[in-house]
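>>> fold the following, please.
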Amino acid sequence: MTSLRGQRALGPAATVLVLGLLAGGCGSGGGDEERAVAAPSTPPPTGTGPYPTPSAPATHPPEAAVPEPESTDEPRGGTVLPRDVDRTDADAVSEGALKVLWTFDTTTDSGPHDAEVRAADAGWLTGAYADRLRAQRPRTIPGVQWQEWAEHRAHTTVVPRKTADAAQPPDTDTGAWRQWTVTATPSGRRQWTGEPAVVTVFLHLTRTAGDQPWRVADVTVH
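Next comes the predicted model:
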C-alpha cells in the first residue's frame with residue numbers, strides 16, 4: 001500500500017482508512033481517492049493538526065437535534081449507539097463515532113460508505129456533516145482489497161486509541177478537537193486475519209451549549 005499524501009477530510013466512502021478498499025490495483029487510486037498505509041505500529045503524535053488557533057476557536061451555528069433510530073442493523077465488529085455513552089464527554093463521543101465509521105462487514109455492506117450512513121443515521125454526527133456524507137455516494141465500485149475481504153467474508157474490529165497532540169486547542173463550551181489513532185483489523189471465516197490498517201484521525205466536535213450532547217462535525221485523517 002502507498003501512504004496518504006497530506007490531510008483530507010472524511011469524504012466519499014468513509015474512509016481515508018480504507019480508501020485502498022475503493023481503489024483497484026496499486027498506487028494512489030483513482031479520482032479523489034488515495035490509499036492508506038497499514039502501519040506496523042502506532043504512529044507518534046504529530047504535534048500539529050487541522051486545528052484553529054487556540055486564541056481564536058471556531059464558532060458554529062446551533063445544530064438541530066438529530067433523532068436516534070429506533071433500531072439498526074448491527075454489523076459484526078461491535079458498534080455502539082450514542083445513548084450507550086456519556087454524550088457530554090467529548091472523548092466518549094469521538095471514540096464511539098470512530099468505531100462506527102470504521103466498522104465494516106462485507107457480509108452485509110456493499111462498501112465502506114455504508115458505515116458512514118450508519119454513523120449518520122445513529123446520530124453521532126451533526127446534521128450538516130451527516131447530510132454531506134449521505135450525499136457523497138462513492139463514484140467507484142469497491143476495489144481489490146475490499147474484494148479480498150469479501151472473499152473471506154471479513155469484518156473489521158476497530159480499536160481507537162487517544163493520541164496526545166501538543167497543538168490541540170483547549171475545549172470550549174461548544175467546540176472540542178480530538179486526535180486518535182485508529183486500528184482496524186479484518187477477520188473472516190476459517191480464522192483468516194488480514195493486515196491491520198492504522199491511521200491518525202482528527203475529529204472536530206460541536207454542541208449548542210455546555211450541557212448539550214457533543215456531535216462530530218468533521219473528521220480528518222492525517
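>>> check contacts around the closest residue to D89 other than its chain neighbours.
Excluding its sequence neighbours, the residue lying closest to D89 (CB to CB, 6 or more residues apart in numbering) is W214, at 7.5 Å. To be clear about C-beta, it is placed using only N, CA and C from the backbone, and glycine gets the same treatment. For W214, the contacting residues are 87-90, 93-94, 176, 205-207, by CB atoms under 8 Å, 6 or more residues apart in numbering.
>>> please enumerate the helices of this structure.
19-22, 90-101, 113-122, 127-135, 144-151 (DSSP state H).
>>> tell me where this protein has strands.
Using DSSP state E, the strands found in the chain span residues 8-9, 155-162, 175-187, 197-206, 215-221.
>>> for the last one, packing partners?
In terms of contacts (3 or more CB pairs under 8 Å, 6 or more residues apart in numbering; DSSP states H and E), strand 215-221 is packed against strand 8-9, helix 90-101, helix 127-135, strand 197-206.
>>> what mean pLDDT does it get?
The pLDDT scores in strand 215-221 average 96.
>>> try the second one
Taken as a whole, strand 155-162 carries a mean pLDDT of 96.
>>> buried set for that strand?
155-160 (16 or more other CB atoms under 10 Å).
>>> may I ask which two of those residues are separated the most?
Largest separation among the buried residues of strand 155-162 by CB to CB: H155 and P160, giving 16.6 Å.
>>> could you measure from the nearest residue to P142 once chain neighbours are set aside over to T126?
In space, not counting the residues next to it along the chain, P142 is nearest to G111; the distance is 4.4 Å by CB to CB, 6+ apart. As for G111, its distance to T126 is 23 Å (criterion: CB to CB, to the nearest Å).
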